[in-house]
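> Turn this into a structure:
(chains A and B)
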Amino acid sequence: MITKRIIPCLDVRNGRVVKGVNFENLREVDSPVDLARYYSSCGADELVFYDITASAEDRDLFTDILKETAANVFIPLTVGGGIRTLDDFDRVLKCGADKVSVNSGAIRDPSLIAKAAQRYGDQCVVLSVDIKRVDGKFTVFAKGGRENTGIEAIPWIKHCVKDGAGEIVVNSIDTDGVKKGFDLEMLEAVCEAVRVPVIASGGAGCIEDFITLFKNVPGVDAGLAASIFHFGEVEIADLKEAMQKENIPARILGGQQQ
Amino acid sequence: MIAIIDYGVGNLFSLNCSFKAIGEEAVVTSDPEILRKADKIVLPGVGAFADAAAKLKASGLEDVLKEEVAKGKPLLGICLGMQLLLDSSEEYGNHKGLGLIKGTNRSIGEVIPENYKIPHMGWNELLYCGSRHPLFRYLGEHEYVYFVHSFAGFDCEENTIAIADYGAKITAAVAKKNVMGTQFHPEKSGDTGLKILKAFCELKEEDLC
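Take a look at the predicted model:
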């Protein structure tokens, strides 16, 4: 049986890992390569690296870090942040990324997903969407959650899947950083709309939040979080064990007792 | 030395690194001479079947590959590289494969339940078929490997050495003498995957009858 994936997300700036609470107040954590290696050894099923650098020099630093990580960590690696063109896809794929996540880039260039899926395959293209309720409607936000695009989220996601997005990361701005659990209602709506894997992001504060997620929204394939892993509030090995106890399929390192 | 065939399909950085991580010398190459000199050959691949099959043919490496396999050199196909080993593919039309292992590449959508996602993406348990193949000699029970695919080998029959349960039986690995293939990505399957690559590197003639 396929397992539910647990994915730590590493926001990388100036070669270091940071995590924004509600996308602001960035705080430094640790070396991305060390953290990636650590998470892999704890049983993380996949890693996401978000490049939140601004300058070209920082971008080079980011790709160096990506290469070093891919040379040492043998689990799938998704890269996002600043992906606007096919050249951006090419740049990170060459450095060892397996999947590339597009967010604002897909809004700016509506043909980007189709072009990328055609060249690299659907499995390579991840659509990341920052969603917030505006007047009761799920609305897409751009630029790290700062800009209301006025686009309705569900039709947008359906459109991108039709174009070839092979996986969706749903990041609820309403629950991000609040640590009171994932946005089950929003995730349910996305899972009903598409047949590609859906990754839940935003709101995890404890192990129980992941259990609630997987039990209540069976369509969700993975749970993504950042700070709770970085600050050791949730240990991935404990989380996996708790999932197994609750009969949620989980990959336990070193084979599984049954 | 392990030769990883570079025929312009997909990114081989991680695969190359994974061999380094287990202390094996691997070369990413499109040079027929290196394929001839190599102890073992890896055929990787991501993307569309027809495109990959055409590129392999156009590179001139298909004939070299077949010659080396005929001499008994071990070959490991990974993901699309595994699918290419089969007789044919029904991915967007009918296409000929290398015909090294019997079977057809078809959409998993034909067999999986409607509430299962396509692609089959993520970690799934490797279920061994028959007596355990030497590729899996370092693995225990209940080992998980990483899959990402929408098509898979069908009708591989006795050449199927492992399957995965995705609401239906999905071919996870095939082998026929010195030709082997994994639908999953050993280079992305953590320690379990590295152990499979190590077993491949260590295969001897007597393992492959």
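
> use CA for all of it now, contacts and neighbours both
Will do.

> check contacts around residue B:57.
Contacts for residue B:57 (C-alpha atoms under 8 Å, 6 or more residues apart in numbering or on different chains) come out as residue B:63.

> Close to chain A: what parts of chain B are there?
Contact residues, chain B versus chain A (C-alpha under 8 Å from any C-alpha of the partner chain): B:10-11, B:13-14, B:17-18, B:21, B:46-48, B:115-119, B:121-125, B:140-144, B:148-149, B:164-167, B:187-191.

> State the helix or strand in which residue B:66 lies.
Assigning secondary structure by DSSP states H and E places residue B:66 in helix B:61-70.

> list the helices and strands the helix or strand just after that helix packs on?
For helix B:61-70, the succeeding helix or strand toward the C-terminus, using DSSP H and E, is strand B:75-78. With contacts defined as 3 or more C-alpha pairs under 8 Å, 6 or more residues apart in numbering or on different chains; DSSP states H and E, strand B:75-78 has these neighbours: strand B:40-43, helix B:80-85, strand B:179-182.

> Compile these into JSON lines and extend it with columns for mean pLDDT and mean neighbour count.
Conversion of the helices and strands packed on strand B:75-78 to JSON lines gives the following (pLDDT from 0 to 100; neighbours: other C-alpha atoms under 10 Å in any protein chain shown):
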{"stretch": "strand B:40-43", "mean pLDDT": "98", "mean neighbour count": "25"}
{"stretch": "helix B:80-85", "mean pLDDT": "96", "mean neighbour count": "28"}
{"stretch": "strand B:179-182", "mean pLDDT": "98", "mean neighbour count": "26"}
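
> Could you save these as JSON lines and add columns showing distance to residue B:33?
Output for those, formatted as JSON lines (distance: least, C-alpha to C-alpha, whole Å):
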{"stretch": "strand B:40-43", "distance to residue B:33": "12"}
{"stretch": "helix B:80-85", "distance to residue B:33": "20"}
{"stretch": "strand B:179-182", "distance to residue B:33": "20"}
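
> Nearest approach to residue B:70 belongs to which of these?
Of all the helices and strands packed on strand B:75-78, strand B:179-182 sits nearest to residue B:70, with 9.8 Å by C-alpha to C-alpha.

> And the contacts of the closest one?
B:69, B:74-79, B:81-83, B:85, B:100-101, B:172-175.

> Paired strands for it, with orientation please.
strand B:75-78 (parallel), strand B:169-176 (antiparallel) (DSSP bridges).

> which stretches of chain A have low pLDDT?
Low-confidence segments of chain A (pLDDT under 70): A:19-30, A:54, A:254-258.

> Could I have the PyMOL command that selects the buried members from the residues of chain B next to chain A?
This is the PyMOL syntax for the buried subset of those, where burial follows 16 or more other C-alpha atoms under 10 Å in any protein chain shown:
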select buried, chain B and resi 10+11+13+14+17+18+21+46+47+48+117+118+119+121+122+123+124+125+142+143+144+148+149+164+165+166+187+188+189+190+191
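
> now, which of the residues of chain B next to chain A lie within helices?
Mapping the residues of chain B next to chain A onto helices (DSSP state H) picks out B:13-14, B:17-18, B:21, B:190-191.

> Need the three-state assignment for residue A:115.
At residue A:115 the chain is in helix, as set by DSSP: H, G, I helix; E, B strand; the rest coil.

> any idea where the strands of chain A begin and end?
Along chain A, the stretches classed as strands by DSSP state E are A:5-13, A:16-18, A:47-51, A:77-80, A:99-102, A:125-134, A:137-142, A:147-152, A:167-172, A:198-201, A:222-225.

> Out of these, the one nearest residue B:64 is which?
Between those, strand A:99-102 lies closest to residue B:64; by C-alpha to C-alpha that is 31.6 Å.

> Just put the strands of chain A in TSV and tack on distance to chain B and mean neighbour count.
Shown next, in TSV, are the strands of chain A (distance: least, C-alpha to the nearest C-alpha, whole Å; neighbours: other C-alpha atoms under 10 Å in any protein chain shown):
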stretch	distance to chain B	mean neighbour count
strand A:5-13	7	25
strand A:16-18	22	23
strand A:47-51	11	22
strand A:77-80	9	24
strand A:99-102	11	26
strand A:125-134	12	23
strand A:137-142	23	21
strand A:147-152	23	14
strand A:167-172	9	25
strand A:198-201	9	26
strand A:222-225	9	24
